[in-house]
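K.L.:
3D model of this:
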Amino acid sequence: MIALSLAEIATVVGGQMHDIPDPSVQVTAPVVRDSREVEPGGLFVAFVGERADGHDFAPAVVEAGAAAVLGSRPVGVPAIVVDDVQAALGALARHVVRRLGATVVALTGSAGKTSTKDLIAQVLQHKAPTVWTPGSLNNEIGLPLTALSATEETRFLVLEMGARGIGHIRYLTGLTPPRIGLVLNVGTAHIGEFGGREQIALAKGELVESLPSKDEGGIAVLNADDPLVRAMASRTAAKVVLFGESDEADVRAENVRLTDSGQPAFSLHTPSGCSDVTMRLYGEHHVSNALAAAAVAHELGMSAEEIATALSEAGTLSRWRMEVTERPDGVTVVNDAYNANPESMRAALRALVAMGKGCRTWAVLGKMAELGDEALAEHDAVGRLAVRLNVSKLVAVGGREASWLQLGAYNEGSWGEESVHVSDAQAAIDLLRSELRPGDVVLVKASRSVGLESVAQALLETGAEGEVAAR
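P.N.:
Down below sits the predicted model:
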């Protein structure tokens, strides 16, 4: 964080100082909400949650070196007290971003946000110091905490923005106003909460509405291959840059192919030149993510060659997103269990098949949450796709939604032993431990609430004689 005195922070957030002997003391370390992450000179934000009250940890964090606590009541140690802790955190982030002067790049979309954010961050790091959202901390708390982790050296701030309703992204852009806004796609993630893809598009488009005008340097980066995203061009005064495989895209891919190991390769075309890319990530869906990152980087002054080199070197920064690990016995485990929606399920199944050419492929799948009335049809469709792609084995894990996955597979191809429905993660682990053999490739994927990462972790521990080699 940039250095700010406690007195200045109190003024910015409209708070009252309590038990602060010296208001000139500066906060120089990160602002955190987890007491275990406090560093000397930091600021601890005390939220009252369902299971714990952050104020109870106040004495411990000050003893650990925190300069003060930002909370909603006095705690007997140095504290800035406000009526609304979340609003105060947002106000502090807005103040710091304004002071910082870094270029804020914000992105949203129904699928691929985190992977694309990680790519943008790694590409821009080649140009200047960059701070980005860790994992998927893309809400009204995670976003300001990320912004507050920036320092005086930070030149680019890459922020993932999530939404579960109309107005959410508008609120986030008010905390950290972006100069560049990227919309990846409009899919069916959270469709049960939004009520339809048109409503999702309305919410995602709040990002481009927030941008400065073209004359003021605003840039809207839009997916030319998604009609609902492309239509957002009419909702912004910013310069519009299109990416995709369409001939009309400003930044596009040609000669897209997959290597023998399932990694995408393509020719990157930008307004200033072309260069070849071979990615370390797995699955053709990363081509669109890479083009989005390339479009942002090109607008920030990087050449096609610089972008291609950075994309070819980029890896996975966030956990449980197409993490590919080969066991010593030759079984490959693809842990994509962080989350799932219909679009990401389809992409992951295609990646599995590409990676597993000539091998047995296993799709260990669970529930996709928040699909509302579309849940039955979407789970059925994923099961059918597994058959059409010729996945060797489908293991559907969980309750009703898992049975729909298996039903789709059976109806598409009259599958028998090729698919099985098990009750929970442990049952899936037991089945796989007994049936996997060297050379098999296993994809593990479901919504976060299902917790299927435990299956991937158990498989990596099974039969491992020595170190597991990550690919």
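K.L.:
all strands for the stretch 51-200 of the chain, in order.
P.N.:
Using DSSP state E, counting those that start in this stretch, the strands of the stretch 51-200 of the chain run over residues 68-71, 79-81, 103-108, 130-132, 156-160, 180-183.
K.L.:
And the contacts of the last one?
P.N.:
Around strand 180-183, the neighbours that count as contacts under Cβ atoms under 8 Å, 6 or more residues apart in numbering are 103-109, 116, 120, 173, 204-205, 207-208, 210-211, 218-223, 229, 232, 236, 238, 292, 295-296, 299-300. For glycine as for every other residue, the C-beta is placed from the backbone atoms N, C-alpha and C.
K.L.:
same thing but 6 Å
P.N.:
Here strand 180-183 makes contact (Cβ atoms under 6 Å, 6 or more residues apart in numbering) with 105-109, 204, 207-208, 211, 219-222, 229, 292, 296.
K.L.:
So which of those are in helices?
P.N.:
The helices, defined by DSSP state H, take in 204, 207-208, 229, 292, 296 from the contacts of strand 180-183.
K.L.:
Among those, list the two that are farthest apart in space.
P.N.:
With Cβ to Cβ as the measure, no two of those lie farther apart than Lys204 and Val296, at 16.5 Å.
K.L.:
between these two, who's got more neighbours?
P.N.:
Between Lys204 and Val296, counted using other Cβ atoms under 10 Å, the more crowded position is Val296 (29 against 25).
K.L.:
That one contacts Ala121, doesn't it?
P.N.:
No - Val296 is not in contact with Ala121 according to Cβ atoms under 6 Å; the separation is 10.3 Å.
K.L.:
just for this protein, where's the confidence low?
P.N.:
189-190, 192, 463-471 (pLDDT under 70).
K.L.:
Show me the domain layout of it.
P.N.:
As given by automatic domain parsing, the domain ranges for the chain are 4-83, 101-313, 323-470.
K.L.:
on that earlier part again, would you list the ones in helices among the contacts of strand 180-183 in CSV and tack on distance to Arg327?
P.N.:
Output for these, formatted as CSV (distance: Cβ to Cβ, whole Å):
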residue, distance to Arg327
Lys204, 39
Leu207, 41
Val208, 45
Val229, 39
Ala292, 33
Val296, 37
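K.L.:
Of these, just say which sits nearest to Ser447.
P.N.:
Lys204 (19.9 Å).
K.L.:
That closest one and Ser110 touch, don't they?
P.N.:
No - Lys204 lies out of contact with Ser110 (Cβ under 6 Å); the separation is 7.6 Å.
K.L.:
which of the strands of the stretch 51-200 of the chain is buried the deepest?
P.N.:
Each of those was scored by mean neighbour count; the highest is strand 180-183, a mean of 29, by mean count of other Cβ atoms under 10 Å.
K.L.:
Run the chain-centre distance for that strand.
P.N.:
Here strand 180-183 is found 15 Å from its chain centre; the criterion is Cα atoms, centre = their mean, to the nearest Å.
K.L.:
Who does it pair with, and is each partner parallel or antiparallel?
P.N.:
strand 103-108 (parallel), strand 219-223 (parallel) (DSSP bridges).
K.L.:
Show me the one of the ones you listed that comes nearest Val85.
P.N.:
strand 103-108 (23.2 Å).
K.L.:
Any chance you could list what contacts that closest one?
P.N.:
Against strand 103-108 from outside (Cβ under 6 Å, 6+ apart): 117, 156-161, 169, 176, 178-183, 204, 207, 296.
K.L.:
Spell out the secondary structure type for Ala348.
P.N.:
helix (DSSP: H, G, I helix; E, B strand; the rest coil).
K.L.:
Is it in contact with Asp336, as I believe?
P.N.:
Yes - using Cβ under 6 Å, Ala348 makes contact with Asp336 at a distance of 5.1 Å.
K.L.:
any residues in contact with both of the two?
P.N.:
Joint contacts of Ala348 and Asp336 (Cβ under 6 Å, 6+ apart) are Lys445.
K.L.:
quick one: contacts for the nearest residue to Ala64 once chain neighbours are set aside?
P.N.:
Residue nearest to Ala64 in three dimensions, not counting chain neighbours: Val38, with 5.0 Å by Cβ to Cβ, 6 or more residues apart in numbering. By Cβ under 6 Å, 6+ apart, Val38 lies in contact with 32, 44, 61, 64, 66.
K.L.:
could you redo the last one with a cut-off of 10 Å?
P.N.:
By Cβ atoms under 10 Å, 6 or more residues apart in numbering, the contact set of Val38 is 29-32, 44, 57, 60-67, 69.
K.L.:
Then His18?
P.N.:
Shown in contact with His18 (Cβ under 10 Å, 6+ apart): 10, 68-69, 71, 73-81.
K.L.:
quick one, phi psi at the closest residue to it other than its chain neighbours?
P.N.:
Excluding the flanking residues, the one nearest His18 by Cβ to Cβ, 6+ apart is Pro74, at 4.3 Å. Backbone geometry at Pro74, expressed as degrees, to the nearest 10, gives phi -60, psi 150.
K.L.:
If you tally nearby residues, what's the number for Pro74?
P.N.:
Neighbours of Pro74 (other Cβ under 10 Å): 14.
K.L.:
right, and it touches Asp19 too?
P.N.:
Yes - contact criterion Cβ atoms under 10 Å: Pro74 and Asp19 qualify, at 6.8 Å.
K.L.:
okay, and the common contacts of these two?
P.N.:
58, 81.
K.L.:
got the contact list for the closest residue to Gly109 other than its chain neighbours?
P.N.:
What sits nearest to Gly109 in space, not counting adjacent residues and going by Cβ to Cβ, 6+ apart, is Leu184, at 2.9 Å. Residues in contact with Leu184, defined by Cβ under 10 Å, 6+ apart, are 107-113, 115-117, 204, 221-223, 226, 229, 243, 288-289, 292.
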